[in-house]
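>>> Would you be able to build a 3D model of this:
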Amino acid sequence: MNSKRHLMKFAGLTALAAAAALVGCGKKEEAAAPAAPASAAAKPEPLKIAFAYVGPVGDGGWTFAHDNARKAIEKEFGDKVATSFVEKVPEGADAERVFRDLVAQGNKMIFGTTFGYMEPMLKVTGDAKDVKFEHATGYKQADNMRTYDSRTYEGAYMAGVIAGKMTKTNTLGFVGSMPIPEVIRNINSFTLGAQSGNPKVKVKVVWVNDWFNPPKETEAAQSLINGGADVLMQNTDSSAVLQTAEKNGKYAFGWDSDMTAYGPKAHLGSAVINWTPYYLSSVREALDGKWAAGAGKHAWWGVKESAIDMVSVADVVPAEVKAQVATVKAGLKDGSFAIWKGPLTGQDGKLILKKDEVADDKFLSGVMFYVKGVEGKVPSGK
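Coordinates of the predicted model:
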């Protein structure tokens with residue numbers, strides 16, 4: 001019995017030793033095996049970017065152009081960004097509420113896309129120092145807010161070149177939104193373009209005091225047609241002016257986006273804005289840690305930066321007029337042509353720019369007068 005117990009004990013010890021040896025062997029094999037790759041570093045959170053739009057994304061014009069650029073951001077940067085938008089945001093106190101809400105949602109870059117957002121956005125910047133704010137068409141900056149704009153007057157001038165040649169009554173119509181330098185500059189540039197090939201042209205203006213209001217835009221366009229205008233232009237956000245021209249058998253232009261489809265018979269061409277170059281540049285700076293704001297941080301891009309163009313010029317426009325537009329475009333691209341160059345006189349006949357004098361950006365930013373050829377008075381305010 002004792003011998004059997006001894007043998008069993010010995011067998012048990014042997015089994016334990018063998019098991020221990022196997023475990024040890026296993027550990028040695030694990031140690032000898034190549035180390036498993038370290039788990040990938042946690043993926044950085046995407047940059048949350050929000051856009052506030054004054055109109056609906058389907059306006060076919062201003063807001064539509066901004067939203068196309070937003071989509072281009074997503075395509076370019078993929079999962080590095082996450083974009084969103086709020087449409088039909090009124091200018092004023094409601095805009096401030098929207099901006100604060102966008103900050104609360106965790107957005108670290110916010111674009112406000114109309115002039116009237118300037119003061120509401122400024123109020124929010126101080127309470128959200130870690131957010132990058134961008135304001136379109138404004139002139140006030142902060143430590144974390146900068147401004148950007150497009151030289152829409154270049155597109156207006158090219159449209160004017162066409163309009164001056166296509167009119168039979170020598171009366172052009174312009175539907176204005178808000179009486180601010182941006183819009184008045186576009187009215188004047190349209191007039192200067194028309195006068196470049198037809199000195200007899202006069203331009204009538206009807207103001208609607210709104211950016212997007214199709215019924216008002218339609219009424220204004222009809223009023224201009226009733227007053228003898230046979231070619232229309234606008235600085236409003238919908239396609240209503242073009243559609244009104246189509247119904248009346250007159251000519252008109254697309255504005256901000258290609259509006260050909262809204263009035264194919266009336267459409268002479270579209271003066272478009274391409275926000276994509278600026279938006280991609282700005283977001284890239286943010287992602288690379290190179291974004292900067294503060295006093296003087298203002299970007300104003302045009303044909304030179306591929307931000308402004310005249311597209312879809314109609315077949316009814318004579319070849320020589322198309323060639324003239326192409327020459328203007330090339331000159332704007334390489335800097336050899338200036339739209340605002342003297343001698344230039346105002347509506348009152350006084351000299352605005354002396355012979356060969358070229359207006360600088362400071363001058364252009366403060367245009368609150370009509371050039372010779374524009375009828376009526378500049379409104380004193382909204």
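>>> Pretty sure M121 sits against G112.
Yes - contact criterion CB atoms under 8 Å: M121 and G112 qualify, at 4.9 Å. For glycine as for every other residue, the C-beta is placed from the backbone atoms N, C-alpha and C.
>>> more crowded one of the two?
G112 (30 against 25; other CB atoms under 10 Å).
>>> Now M233: which helix or strand?
Applying DSSP states H and E as the criterion places M233 in strand 231-234.
>>> Can you tell me what sits against that strand?
156, 159-160, 163, 166-167, 172-176, 190, 217, 221, 224-225, 241-242, 244-245, 250-253, 255, 268 (CB atoms under 8 Å, 6 or more residues apart in numbering).
>>> Check stretch 341-355 too.
Counting by CB under 8 Å, 6+ apart, L192, W340, D356, E357, V358, A359, F369, Y370, V371, K372, G373, V374 sit against stretch 341-355.
>>> gap between that stretch and the chain center?
Chain-centre distance of stretch 341-355: 31 Å, with CA atoms, centre = their mean, to the nearest Å.
>>> now do stretch 207-216
So, by CA atoms, centre = their mean, the centroid of stretch 207-216 is 20 Å from its chain's centroid.
>>> and that stretch, how far apart are its ends?
Using CA to CA, to the nearest Å, the end-to-end distance of stretch 207-216 comes out at 9 Å.
>>> and what of stretch 267-282?
Span of stretch 267-282 from end to end, CA to CA: 33 Å.
>>> can you pull the pLDDT of S380?
The model reports S380 with a pLDDT of 81.
>>> Phi first, then psi, for the closest residue to it other than its chain neighbours.
Take S380 and drop its neighbours on the chain: the residue closest to it by CB to CB, 6 or more residues apart in numbering is P179, 7.7 Å away. Per-residue torsions, P179: phi -80, psi 70 (degrees, to the nearest 10).
>>> Double-check P179 against K377; I have them as touching.
No - P179 is beyond contact range of K377, at 10.0 Å (criterion: CB under 8 Å).
>>> The two: which is more packed in?
Higher neighbour count among P179 and K377: P179, with 19 against 11, using other CB under 10 Å.
>>> how near is that one to V367?
Between P179 and V367 the distance is 11 Å, computed by CB to CB, to the nearest Å.
>>> shared neighbours of M121 and G112, anything?
A95, F99, F133, H135.
>>> The third one - nearest residue in space that isn't next to it in sequence?
Translated: F133. Nearest to F133 is M145, by CB to CB, 6+ apart, at 3.8 Å.
>>> And for that neighbour, the neighbour number?
25.
>>> give me the low-pLDDT residue ranges for the stretch 51-200 of the chain?
Nowhere does the stretch 51-200 of the chain drop to pLDDT under 70.
>>> With the stretch 251-382 of the chain instead?
In the stretch 251-382 of the chain (pLDDT under 70), the answer is 381-382.
>>> So what's the residue count around the residue nearest to G227 when sequence neighbours are not counted?
In this structure, G227 finds its nearest non-sequential neighbour in K204, 5.8 Å apart by CB to CB, 6+ apart. Residues lying near K204 (other CB under 10 Å) number 17.
>>> Tell me the spacing between K204 and L172.
Relative to L172, K204 is positioned 7 Å away (CB to CB).
>>> so what sits against both of the two?
In contact with both K204 and L172: A229, using CB under 8 Å, 6+ apart.
>>> hmm, who's touching stretch 315-322?
Contacts of stretch 315-322 (CB under 8 Å, 6+ apart): V161, I162, K165, M166, G197, L268, G269, V313.
>>> With neighbour count as new columns, can those be given to me in a markdown table?
A markdown table is the format used below for these (neighbours: other CB atoms under 10 Å):
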| residue | neighbour count |
| --- | --- |
| V161 | 27 |
| I162 | 29 |
| K165 | 20 |
| M166 | 19 |
| G197 | 16 |
| L268 | 27 |
| G269 | 27 |
| V313 | 19 |
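>>> nearest to D237, of those residues?
G269 (18.0 Å; CB to CB).
>>> I'd assumed K48 was in a strand, is it?
Yes - under DSSP: H, G, I helix; E, B strand; the rest coil, K48 sits within a strand.
>>> Measure how buried it is and give me the count.
Other residues close to K48 by other CB under 10 Å number 17.
>>> Likewise for A245?
30.
>>> what helix or strand does the nearest residue to it once chain neighbours are set aside sit in?
Take A245 and drop its neighbours on the chain: the residue closest to it by CB to CB, 6+ apart is A252, 3.6 Å away. Here A252, judged by DSSP H and E, is contained in strand 251-256.
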